[in-house]
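Participant: Quick check, what structure comes out for this input:
(chains A and B)
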Amino acid sequence: MMFRTAIIATAVAVLAVPSDARAETPEEKGLRIAKEAEAFDAGFGDYTAKGEMTLRNKSGRESVRGFLSKTLEQVDDGDKSLMVFQRPADIRGTALLTHAHKTDDDDQWLYLPAMKRVKRISSSNRSGSFVGSEFSYEDLSSPEVEKYTYNWLREEPCPNQPDMTCHVTERFPTDTGSGYKKQMMWLDTETYRVVKIDYFDRKEAFLKTLLQTDYAVYKDRHWRPHTMEMVNHQTGKSTTMKWSDFQFGAGLSGSDFQPNRLKSVR
Amino acid sequence: MISARGALLALGLLSVCTVPTVAQDFGQGSSELGGFVGFETRVFFSGPAFVSQKAGRAQPSLMVQPELRHEWNDGLDRLTFIPYARLETTDRQRNHFDIREANWQRLGDDWDLRLGIGKVFWGVAESRHLVDIVNQSDLIEAPDGEDKLGQPMLNVNLLRDWGTVGLFVLPGFRDRTYPGWSGRLRDQFPTDVHNPAYEASGLARHMGIAARYSHFFGDWDVGVSYFHGTGREPRLPVTVDTGGRLVRRPTYDLIDQVGLDVQSTIDAWLLKLEAISRWGNGDPQFFASVAGLEYTLYDVWETGADIGLLAEYLYDDRNANAPAVSTDHDVFVAIRLTANDADDTDFLIGGTIDRLSGAMGIGIEASTRLDSHWTAELESNVTANVPFDDPMAGMRQDDFVLFRLLRYF
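Facilitator: A predicted model of the protein is given here:
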């Protein structure tokens, strides 16, 4: 009896699974998961948060950047974001405005408060360091699905959280200006939290690892990490980004993200 | 004098206009004190050229700029107060005080408003700020004119989908500051700042108006501006002062100026243009422009550092009656090194060469952070080949290097 049930179960599985597998290559599965992850987080609207970055060099010397961040979701385009620095004191009030795009280069403006000057800056330097940290501009820009091709590898217990299951997916930046040839991403299967990313540089050498922890959920379905730890394996430097004071539904509007509004941010 | 009067005017207007709306939750707002104190020393390579200039090669001074802000109403209302003072013994004119900002700001959904003393910057070029006209240059601070005096203003900005319209009423004309008799980096004949002349008197002298439309179209940022009022740039005719000495008398004309600034940002290329047409400044009408480009090489030799290469052409067709400038047919080239390190270290070296006279000026600016409160800066200015009729001629012995330490709080 048991034996027969097992056979039937196997037969059903054999019949069912291959038809699924035929329909979906690893590339398609990776893309589908990325789209699902994007859809899962869609509808957050807007939020503000406080960030604090601790930069650490090889010998352990630390320096700290503090900033306020505002993000506005865009349905048909990349999101808009604004970062206003609070620390160190000499760059207080310096602001970076980004209008992300799905496939085109992002639009970016930098506001320098001492001069009251708004400077449009080139966003082609996606691989460059963000304010001296181990995060590059592209690590922090909104991860639009269209910016990568995908290759789903396997499911396995999540790193650091073996009670959760993760999709392990490779993704390949489509932009030739990216600093990476490949990224290996661990994404939990239930809530699509990015738990870990391994970055491989243009020569496919292992470059950096990002670990995202202390997740909390906002408005029932929007998961945000409160700690992001980026370690550069080639230089020994690392950066810890701590997030706090998330406020979803802050009532932000498009005018908060206009270049001409930069003069009044603080 | 004017700045103090301007401040009173602004504060007076402020109290009249805002009392009813702010009363409720002004007290629940948040205040912030920031700013810096600084110490700097200019070291000149040579002794002074003129007898009245103070002997010695070092020019030390102290600066202080507290910044006080109070925000309330969810940050929609803000009061800003930023006084600035410099103390030094070399040049009495340089021992000065100014209110850089003392204003109330209100942010609306698609508009904002500033009332009081403020600062505005327009433009895109590096070598010369042609379009930027709202604030007077605080030339005593530095010969490059990048420091500005606070300007009393009522400024309303309308933020629309099709661009931003900024409207400015600018009451209270500010005279340009100049080094005094004992100071360096001046003309052979010092500017008699105590005895200026104005084309207009009364309200017409003091009331400027300006408007600017700006927007971005894809990779293009565009600004069009108009100004009417007493021009910020004086003519400087040589005359005799009450003591019988030859001086330059600042003479301010009533002008109209139309300005255009455009930047195109394409990959690692920035293309920049600033152009003005000005009426009434000695010359009935003249045209001036700065056009250039900036190209950035990223992550040079995998160091993470960026190198920016800048080139600009400066053109100016004003006649001899207009305020003299040395930037008429000049080429500016510069290299900017940005280390992208934890200390935000950067370095800029630039040279301007007059295509006709061969006069040359070279400037260096560098800065780095020492720790979370201190930064260090280095500047240098060197001229060569300057002919006797060039406005920079008086500075031929004033090549200098400057060290500055700033403590932010």
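Participant: Can you pull the residues of the stretch 51-200 of chain B lying near chain A?
Facilitator: B:69, B:71, B:75, B:78, B:105, B:107, B:109-110, B:112, B:119-121, B:124, B:146, B:157, B:159, B:164, B:166 (Cβ under 8 Å from any Cβ of the partner chain). C-beta: built from backbone N, CA, C; applies to glycine.
Participant: Buried ones among those?
Facilitator: Neighbour counting by 16 or more other Cβ atoms under 10 Å in any protein chain shown classes B:69, B:71, B:78, B:105, B:107, B:112, B:119-121, B:124, B:146, B:157, B:159, B:164, B:166 among those as buried.
Participant: Give me every residue in the stretch 101-250 of chain A lying close to chain B.
Facilitator: Taking Cβ under 8 Å from any Cβ as the test, the list of the stretch 101-250 of chain A residues beside chain B reads A:105, A:107, A:115-122, A:124-125, A:127-129, A:131-133.
Participant: ok, now which ones touch the residue in chain A that chain B sits nearest to?
Facilitator: Going by Cβ to the nearest Cβ, chain B is nearest to A:A89 of chain A, at 3.5 Å. Each residue near A:A89 by Cβ atoms under 8 Å, 6 or more residues apart in numbering or on different chains is listed here: B:G34, B:F36, B:S372, B:H373, B:Y408, B:F409.
Participant: Which one of the residues you listed is nearest to chain A?
Facilitator: Out of the contacts of A:A89, the member with the shortest distance to chain A (by Cβ to the nearest Cβ) is B:Y408, at 3.5 Å.
Participant: Please name the bridge partners of the closest one.
Facilitator: With DSSP bridges as the criterion, B:Y408 is bridged to B:F36.
Participant: mind listing what it touches?
Facilitator: Residues in contact with B:Y408 (Cβ under 8 Å, 6+ apart) are A:P88, A:A89, A:D90, A:R92, B:G34, B:G35, B:F36, B:H373, B:W374, B:T375.
Participant: A:G132 too?
Facilitator: Neighbouring residues of A:G132 by Cβ under 8 Å, 6+ apart: A:L55, A:S63, B:N340, B:D341, B:A342, B:D343, B:D344.
Participant: The third one falls within a strand, correct?
Facilitator: No: with DSSP: H, G, I helix; E, B strand; the rest coil as the criterion, B:N340 is coil rather than part of a strand.
Participant: what residues are up against residue 215?
Facilitator: Chain wasn't specified; assuming chain A. Neighbours of A:Y215 in contact, by Cβ under 8 Å, 6+ apart: A:R193, A:W223, A:R224, A:P225, A:H226.
Participant: I was thinking of chain B, sorry if that wasn't clear
Facilitator: Contacts of B:H215 by Cβ under 8 Å, 6+ apart are B:W162, B:G163, B:T164, B:D221, B:V222.
Participant: Now the element after the strand or helix carrying it, going C-ward?
Facilitator: Assigning secondary structure by DSSP states H and E places B:H215 in strand B:207-217. Downstream of strand B:207-217, the first helix or strand assigned by DSSP H and E is strand B:220-230.
Participant: which residues sit against the following helix or strand past that next one?
Facilitator: Counting by DSSP H and E, the element after strand B:220-230 in chain order, helix or strand, is strand B:238-240. Strand B:238-240 has contacts (Cβ under 8 Å, 6+ apart) with B:F189, B:D192, B:L246, B:V247, B:R248, B:R249.
Participant: give me the number of residues near the closest residue to the last one other than its chain neighbours?
Facilitator: Leaving aside its sequence neighbours, B:R249 sits nearest to B:T239 (Cβ to Cβ, 6 or more residues apart in numbering or on different chains; 4.7 Å). Burial of B:T239 is recorded as 15 neighbouring residues (other Cβ atoms under 10 Å in any protein chain shown).
Participant: Which strand residues bridge B:T239?
Facilitator: Taking DSSP bridges as the rule, B:T239 bridges to B:V247.
Participant: Distance of it relative to B:N319?
Facilitator: As judged by Cβ to Cβ, to the nearest Å, B:T239 and B:N319 stand 20 Å apart.
Participant: Run a quick check on A:E170 versus A:M184, I expect a contact.
Facilitator: Yes: with contacts defined as Cβ atoms under 8 Å, A:E170 counts as touching A:M184 at a distance of 5.6 Å.
Participant: Do a quick rundown of the helices in the chain.
Facilitator: Let's take chain A. All helices of chain A, identified by DSSP state H, fall at A:2-23, A:26-41, A:137-140.
Participant: look at chain B instead
Facilitator: Remark: helices assigned in chain B by DSSP H are B:2-22, B:202-206.
Participant: least reliable of those helices going by mean pLDDT?
Facilitator: If you rank those by mean pLDDT, helix B:2-22 sits at the bottom with a mean of 48.
Participant: Using PyMOL, define a selection of the buried residues within the contacts of B:Y408.
Facilitator: Taking 16+ other Cβ under 10 Å as the burial criterion, the selection of buried members of the contacts of B:Y408 in PyMOL is written as:
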select buried, (chain A and resi 88+89+90+92) or (chain B and resi 34+35+36+374+375)
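Participant: As a markdown table, the contacts of B:Y408 with pLDDT would be great.
Facilitator: Output for the contacts of B:Y408, formatted as a markdown table (pLDDT from 0 to 100):
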| residue | pLDDT |
| --- | --- |
| A:P88 | 93 |
| A:A89 | 93 |
| A:D90 | 93 |
| A:R92 | 93 |
| B:G34 | 94 |
| B:G35 | 96 |
| B:F36 | 97 |
| B:H373 | 94 |
| B:W374 | 97 |
| B:T375 | 97 |
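Participant: Could you tell me how many residues sit around A:R224?
Facilitator: Neighbours of A:R224 (other Cβ under 10 Å): 18.
Participant: I meant to write B:R249 there.
Facilitator: Neighbour tally, B:R249, other Cβ under 10 Å: 19.
Participant: which ones are touching B:R318?
Facilitator: Contacts for B:R318 (Cβ under 8 Å, 6+ apart) come out as B:R278, B:N281, B:G282, B:D283, B:F286, B:A288, B:V325, B:D328.
Participant: Check the gap between the fifth one and A:K203 for me.
Facilitator: Read it as B:F286. Using Cβ to Cβ, one gets 56 Å for the distance from B:F286 to A:K203.
Participant: Out of the contacts of B:R318, which comes closest to chain A?
Facilitator: Nearest member of these to chain A, counting by Cβ to the nearest Cβ, is B:A288, at 20.1 Å.
Participant: Leaving aside the residues adjacent along the chain, what's closest to that closest one?
Facilitator: Excluding its sequence neighbours, the residue lying closest to B:A288 (Cβ to Cβ, 6+ apart) is B:D316, at 4.1 Å.
Participant: quick one: the residue in the stretch 1-150 of chain B that chain A sits nearest to from A:D90, how far?
Facilitator: For the stretch 1-150 of chain B, the residue positioned closest to chain A under Cβ to the nearest Cβ is B:F121, at a distance of 4.3 Å. Here the criterion is Cβ to Cβ. By it, B:F121 lies 19 Å from A:D90.
Participant: neighbours around residue 256, how many?
Facilitator: All of this refers to chain A. Around A:D256 there are 21 other residues, counting by other Cβ under 10 Å.
Participant: try chain B instead
Facilitator: Residues lying near B:D256 (other Cβ under 10 Å) number 15.
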